[in-house]
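Enquirer: sequence unknown, structure follows:
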């Protein structure tokens, strides 16, 4: 969409599963339109390495999460576990990755303003005496807001930041089991309770200063 053509390596990597006959002359030019801003959804990083596909399944390294990749066109890649803190989704907490993504996009497309349209984390939240003390989520948001600010200081044209999500919600693969919201939802009564992270973020928005 931004460059007006599919990357050549993408075409090569997927040639064994599609001939790309669904792409008609003029399609790439049609989708190559100017946009006002580019939304960036960021949650975590993934570590990968080349897979030795000649090895039988039982001989592959034991610290891999998959033998090869489940992503079409990347069968030669395997995902490996990351050390350090993780969210309730099992996703790594890597704010430095957000800064790298913002800086990379800014370098590739310097004329397009960026907006972080999704950034957040699921943790095990407990509603106790009418409050949710989600310190882990506050720490996650603080670290990622700082990373976004570092990108701003390095010249990235970043116009906005939106937390995912305002409310606890239905997650496609997990139903109501994982909570991303900064506002707790009692799914039986629909009662809404701002978590500590909501109060923290409200203060950040009102003062333009990181609380604490």
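Expert: Structure received. Everything quoted here is computed from the prediction, not taken from an experiment.
Enquirer: going forward, measure contacts and count neighbours with C-alpha atoms only.
Expert: Will do.
Enquirer: show the average pLDDT along the host helix or strand of residue 49.
Expert: According to DSSP states H and E, residue 49 maps onto strand 47-50. Here strand 47-50 scores 88 as its mean pLDDT.
Enquirer: same check on stretch 82-99?
Expert: For stretch 82-99, the mean per-residue pLDDT is 95.
Enquirer: buried residues in that stretch?
Expert: Of the residues in stretch 82-99, those with enough neighbours to count as buried (16 or more other CA atoms under 10 Å) are 86, 87, 91, 92, 93, 94, 95, 96, 97, 98, 99.
Enquirer: what's the answer for stretch 147-158, then?
Expert: Buried residues in stretch 147-158, defined by neighbour count with 16+ other CA under 10 Å: 147, 148, 150, 151, 152, 156, 157, 158.
Enquirer: just the ones of the buried residues of stretch 82-99 in strands?
Expert: Using DSSP state E, no member of the buried residues of stretch 82-99 sits in strands.
Enquirer: distance of the residue lying closest to residue 132 once chain neighbours are set aside from residue 129?
Expert: Counting by CA to CA, 6 or more residues apart in numbering, residue 132 lies nearest to residue 195, which is 4.8 Å off, once chain neighbours are set aside. According to CA to CA, to the nearest Å, residue 195 and residue 129 sit 12 Å apart.
Enquirer: of those two, who's got more company?
Expert: residue 195 (26 against 6; other CA atoms under 10 Å).
Enquirer: for that one, grab phi and psi.
Expert: Residue 195 adopts backbone torsions of phi -80, psi 170, taken as degrees, to the nearest 10.
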